[in-house]
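Peer 1: With the input below, show me the fold.
(chains A, B, C and D)
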There are 4 protein chains.
Amino acid sequence: MGTGRLEAFSDGVMAVAITLLVLDLHASPEAGSSLAHQLVSEWPSFAAYAVSFFIIGIIWVNHHALMALVARVDRVLLFVNLVLLLFVTTIPFTTSTLAAYLREGGADARVAVVLYGISMEGMAVSFTVILAHLVRGQLMHEPVDPATGRRAVRRFGLGTLVYPLIVLVGLVSAPLMLLLYAVLAGFYVVEQTPILGRVDRG
Amino acid sequence: MGTGRLEAFSDGVMAVAITLLVLDLHASPEAGSSLAHQLVSEWPSFAAYAVSFFIIGIIWVNHHALMALVARVDRVLLFVNLVLLLFVTTIPFTTSTLAAYLREGGADARVAVVLYGISMEGMAVSFTVILAHLVRGQLMHEPVDPATGRRAVRRFGLGTLVYPLIVLVGLVSAPLMLLLYAVLAGFYVVEQTPILGRVDRG
Amino acid sequence: MGTGRLEAFSDGVMAVAITLLVLDLHASPEAGSSLAHQLVSEWPSFAAYAVSFFIIGIIWVNHHALMALVARVDRVLLFVNLVLLLFVTTIPFTTSTLAAYLREGGADARVAVVLYGISMEGMAVSFTVILAHLVRGQLMHEPVDPATGRRAVRRFGLGTLVYPLIVLVGLVSAPLMLLLYAVLAGFYVVEQTPILGRVDRG
Amino acid sequence: MGTGRLEAFSDGVMAVAITLLVLDLHASPEAGSSLAHQLVSEWPSFAAYAVSFFIIGIIWVNHHALMALVARVDRVLLFVNLVLLLFVTTIPFTTSTLAAYLREGGADARVAVVLYGISMEGMAVSFTVILAHLVRGQLMHEPVDPATGRRAVRRFGLGTLVYPLIVLVGLVSAPLMLLLYAVLAGFYVVEQTPILGRVDRG
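Peer 2: Numbers count the residues shown, from 1 in each chain, chains lettered A, B, ... in the order given. Next up, the predicted model:
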C-alpha cells in the first residue's frame, strides 16, 4: 500500500473536521437578545473557531510534509495515523467546549482548557510517534543515519512539551491560552525547517 | 509541494461546506403549523440556500482556474489559501443567520446582512491576495510581465469593491441583496475572461 | 478544464450528502418510550434512509457513466452540474421531511411527497439537460450522429416523466411511493443499457 | 469503470462517517452539572467514540486491501459496495444510541446492543459477499483457483459469526461488549494474513 490512499483518507477526515467547526457558530432570533449582542458575546466561539481552523490547517500541512518522506506504509503506520486522526476529529468537540466555558472562568473553564490541551497533546504525540516509527522502521525514501533521525525525532518531540506548557498558562487565563495557540499556529506557518534537515551544517 | 494536494484538500473543504448548507433547511410536525405553511414562510432559507450554493460553487470554479496557473506552492500561498477556506466555511453560518433574520427587518436584519457580506468580502480579498502573491512571487507556470500581472490583480480586486456595494443595498433591503448576489453569481457563470487574459489586444 | 476536477468535487458533495442522511436517525432515553418502541415507530425514517441512500448511490453511478463520455468541460456544463448537485444536496432535507410526515397522512403528507418528488425531478431534469448539452455541444470523446444523440436524450428524458407519476401514487399512499422508489432504484442497479448504446441494431 | 472512482467515493463516505462520530460528544454549561462531572458521566460516549472510530478505520483498511485485488467493477460489485457503505454510515447512529443507553441497563440497553451489532453484522456480511462475488465472477487481477477462493471466502466469512457472539456477550454486559470490540479492532490492526494468502503452505 502506497501513501496515496492514506493521504486521501486523511485529507478527507481533516477536511470534514475543519469544516464541522462551523457548526459551533450560531445565532437565532429565539435567543432573546439582538443579533449584534449575540455576536459580540459569542466572541469566544469566533476566536476558538479561527484558532482551531488554523491548527487543523497546519496539522494538514505537516501531515503532508511527513507523508512525502514515506516510501511504504505498514500496519503500525496505519494504526498510529488513525490515532492521529482520532485526536484531530475531537478538535470540533474540544473547541466548542472551550468556547462554551471560556468566559465562565473557575473550575469548568480550567477543565475545558485541559480538554482542549488533550486534543493538541494527543496530536503532537501521534506525530512524534509516526516520525520515530518512520526513522526506526526505515520506511522512508532515503535512508537516514541514526543520529540525524534521532535528532529529528527529538526536535519534533519538543512540540509535545510546548502544549502542556500552554495548558498551564490556560489554567490562569483561557483567553491568553487561545492567543498563545494563535501565535504558535502563526509560527508554524512561517517555520521552514525541513523535518530531516541538516542540523549539523554549523 | 505541488498544487494537487492543496486542491484536493480545498475541494474537500468546499464540498463539505456546500453540503452543510442543507442543515439549515428543516420542517417538523412539532412546529405547530402545516407543512405547506412552514415551507412558504421558510422561503428566505430556500433562497439563501440556493444563492450560497451557487456562490460556493463559483468559488470552487475560480479556485481551480487560479490553481491551474500555479507551478509551485509556498508557505504564504498555503496560509492565504487557509484564510480563503476559513471564510468559505463560515458561509453556512452567515447564510443561516441571514435566512433567520431576513424577514425580521430592522437592526438585526442589517447586522445579518453585514455578517453575510463579511464572508463574501473575506473570500474576495483572499482571492486577490492569492493572485497578487502568485504574480509577485513568480509562482506561475509562465512568467507574467509586471504590467499584465498588475492589471490582472487590479481587475480581480474589483470584486472586493462590489461586495461592500451589495451590502449597502442590503442595508435597505435584504431580499434585494440576495437577488443581487444571485445575479452576480449568474454573471460569473457566463463570464469567460481568463484571469491573465490579454487586456491589451485592442 | 478536464472532468477530473469536476468529478472529484461532485464525488465529494455526493459522499457528504449520502452520509448526512444518517443525521435523521435518532433515538434517545429522553423520548419517554422504550428504545424498541422508538425504533419500530421510526420505521419511516429507516425506510426513507435506505431508499434515499440507494438513490444517491445510483445518481453517483450514473454521474460517472455520463462524465466518462465527456472530453471537455465548458461553463454551461459546470453550471448545470451545480444545479444537479443542488438538488442532490436537498435530498437529506426532503428525505427527513418525508419521514417525519409519512405516517401523519392528510395534506401534510401529500406536501412532503411532492417536496421529495421535486428533489427527484430536479435531479432527473438536470441529468437530461447535461446529456442534451453534451450532444448539442459535441463535448464528447466520440462524435455522435444527431439521430443517435436525440434518441439517447429522449430515452434519458423518460425518467423525468416517471418521477411525477410516482408522486401521483404518493398522493394516494406515501409508503407505496417509497416502495416504488426502491423498486426503481433496484431497476437502475441491474439496468445495463449504455447511455449512447446502439438502438438501431434491429 | 476501474476501481479508482469506487474507492474515491467509498473513501469520501467513510471519511465523513468517521468524522460525524464526533457530533455525539457534547458538554454544555446548560447541563446543570460541572463540566468535569459531565465528562466523567459521558464516558460511554467517549468509549463508544474511540471503538467505532477504530472499527471504521479498520473497515477502510480492509476495503482497500480488497479493492487492490479487483481488476474490473461490475454492477453487482457497485451495488454490494453501496450496501456495505449503507451499514458503515449507520455506525454514527448506532454508536450514539449505544452510548446513550449503555449505562441504563435493562431491555433498552440490550436493544441498543443488538442495534449496534446489526451495523457490524451488515458490514461483515457485505464484505464476505463482495469477496465471494470477486471470486465467483473472476473480477480479480490474478485468477484464483476455486479451492483457494472458497477457503478465502470461508475464512473471511468467519467474521460474520464473531459479531453475533459479541452481541450475545453484550446482552449480559454492554461495556464488556465494547471492550471485546476494542480487542477485535486491535487484533485486526496487527493481523497480517493476506486475503488470498496461501493457506496450504503447511
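
Peer 1: Contact residues of chain A facing chain D?
Peer 2: Contact residues (C-beta under 8 Å from any C-beta of the partner chain) of chain A with chain D: A:1, A:5, A:8-9, A:12-13, A:15-17, A:20, A:23, A:75, A:78-79, A:82, A:85-86, A:89-90, A:92-93, A:96-97, A:100-101, A:104, A:107-108, A:111-112, A:115. Where you see a C-beta, it was placed from the backbone N, CA and C, and this is true even at glycine.

Peer 1: Mind checking which of the residues you listed are in helices?
Peer 2: Of the residues of chain A next to chain D, the ones assigned to helices by DSSP state H are A:5, A:8-9, A:12-13, A:15-17, A:20, A:75, A:78-79, A:82, A:85-86, A:89-90, A:92-93, A:96-97, A:100-101, A:107-108, A:111-112, A:115.

Peer 1: give me the number of residues near the residue lying closest to residue A:23 once chain neighbours are set aside?
Peer 2: Counting by C-beta to C-beta, 6 or more residues apart in numbering or on different chains, residue A:92 is the residue found nearest to residue A:23 once chain neighbours are left out, at 7.1 Å. Residues lying near residue A:92 (other C-beta atoms under 10 Å in any protein chain shown) number 26.

Peer 1: Tell me if I'm right that residue A:92 and residue A:20 touch.
Peer 2: Yes - counting by C-beta atoms under 8 Å, residue A:92 touches residue A:20, with 4.5 Å between them.

Peer 1: Need the overlap of contacts for the two.
Peer 2: residue D:22 (C-beta atoms under 8 Å, 6 or more residues apart in numbering or on different chains).

Peer 1: Among the residues of chain A next to chain D, the buried ones, what's the PyMOL command?
Peer 2: Restricted to buried positions by 16 or more other C-beta atoms under 10 Å in any protein chain shown, the PyMOL selection for the residues of chain A next to chain D reads:
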select buried, chain A and resi 5+8+9+12+13+15+16+17+20+78+79+82+85+86+89+90+92+93+96+97+100+101+108+111+112+115
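
Peer 1: And the nearest residue to residue A:85 once chain neighbours are set aside, what's its pLDDT?
Peer 2: Leaving aside its sequence neighbours, residue A:85 sits nearest to residue A:13 (C-beta to C-beta, 6+ apart; 4.9 Å). Model confidence at residue A:13, given as pLDDT, is 97.

Peer 1: Just name whatever secondary elements the helix or strand containing residue A:47 is in contact with.
Peer 2: Residue A:47 is part of helix A:43-67, with elements assigned from DSSP states H and E. Packed against helix A:43-67 by the contact rule (3 or more C-beta pairs under 8 Å, 6 or more residues apart in numbering or on different chains; DSSP states H and E) you find helix A:3-20, helix A:75-101, helix A:106-136, helix A:174-190, helix B:75-101.

Peer 1: Find the residue closest to the residue of chain A found nearest chain B in space, skipping its chain neighbours.
Peer 2: Nearest residue of chain A to chain B (C-beta to the nearest C-beta) works out as residue A:15 at 3.0 Å. Using C-beta to C-beta, 6+ apart and skipping residues adjacent in sequence, the residue nearest residue A:15 is residue B:12, 3.0 Å away.

Peer 1: still on that earlier bit, quick check, pLDDT for the residue nearest to residue A:23.
Peer 2: pLDDT, residue A:92: 97.

Peer 1: Can you give me the neighbour number for residue A:155?
Peer 2: 16.

Peer 1: if we can go back for a sec, I figured the residue of chain A closest to chain B was touching residue B:16, is that so?
Peer 2: Yes - between residue A:15 and residue B:16 there is a contact under C-beta under 8 Å: 6.0 Å.

Peer 1: what about stretch A:130-146, average pLDDT?
Peer 2: For stretch A:130-146, the per-residue pLDDT averages 89.

Peer 1: Check the separation of the first and last residues in that stretch.
Peer 2: The straight-line separation of the ends of stretch A:130-146 (C-alpha to C-alpha, to the nearest Å) is 16 Å.

Peer 1: number of nearby residues for residue A:190?
Peer 2: By other C-beta under 10 Å, neighbour count at residue A:190 equals 9.

Peer 1: count of residues packed around residue A:168?
Peer 2: 12.

Peer 1: so where does it fall, helix or strand?
Peer 2: Per DSSP H and E: helix A:159-172 holds residue A:168.

Peer 1: just checking, what packs against that helix?
Peer 2: Short answer (3+ C-beta pairs under 8 Å, 6+ apart): helix A:159-172 packs on helix A:106-136, helix A:174-190.

Peer 1: So which bits of that helix are buried?
Peer 2: A:159-160, A:163, A:166-167, A:170.

Peer 1: for stretch A:132-148, same thing?
Peer 2: A:132-135, A:139-140, A:144.

Peer 1: what comes into contact with stretch A:160-169?
Peer 2: Against stretch A:160-169 from outside (C-beta under 8 Å, 6+ apart): A:113-114, A:116-117, A:120-121, A:124-125, A:128, A:176-177, A:180-181, A:184.

Peer 1: repeat that with 6 Å
Peer 2: For stretch A:160-169, contacts defined as C-beta atoms under 6 Å, 6 or more residues apart in numbering or on different chains pick out A:117, A:120-121, A:124-125, A:128, A:176-177, A:180.

Peer 1: Ok, stretch A:18-34 next?
Peer 2: A:35, A:38, A:45, A:49, A:52-53, A:56, A:92, A:96, B:13, B:16-17, B:89, B:92-93, B:97, B:100, B:108.

Peer 1: Could I have the CA atoms of it written out in PDB?
Peer 2: The C-alpha trace of stretch A:18-34 is given here as PDB (Å, rounded to 0.1, in the frame of the first residue of the first chain):
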ATOM      1  CA  ILE A  18     -12.100  21.600   9.800                       C
ATOM      2  CA  THR A  19     -15.500  22.300   8.200                       C
ATOM      3  CA  LEU A  20     -17.500  20.800  11.100                       C
ATOM      4  CA  LEU A  21     -16.000  23.600  13.300                       C
ATOM      5  CA  VAL A  22     -18.600  25.900  11.800                       C
ATOM      6  CA  LEU A  23     -21.400  24.000  13.400                       C
ATOM      7  CA  ASP A  24     -20.500  25.700  16.700                       C
ATOM      8  CA  LEU A  25     -21.300  29.100  15.300                       C
ATOM      9  CA  HIS A  26     -24.900  30.100  15.600                       C
ATOM     10  CA  ALA A  27     -27.200  32.900  16.300                       C
ATOM     11  CA  SER A  28     -31.000  32.800  16.500                       C
ATOM     12  CA  PRO A  29     -34.000  35.200  16.800                       C
ATOM     13  CA  GLU A  30     -35.200  33.000  19.600                       C
ATOM     14  CA  ALA A  31     -32.100  33.800  21.700                       C
ATOM     15  CA  GLY A  32     -33.900  36.800  23.300                       C
ATOM     16  CA  SER A  33     -31.200  39.400  22.600                       C
ATOM     17  CA  SER A  34     -30.200  41.400  19.500                       C
END
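
Peer 1: With that, I have no additional questions.
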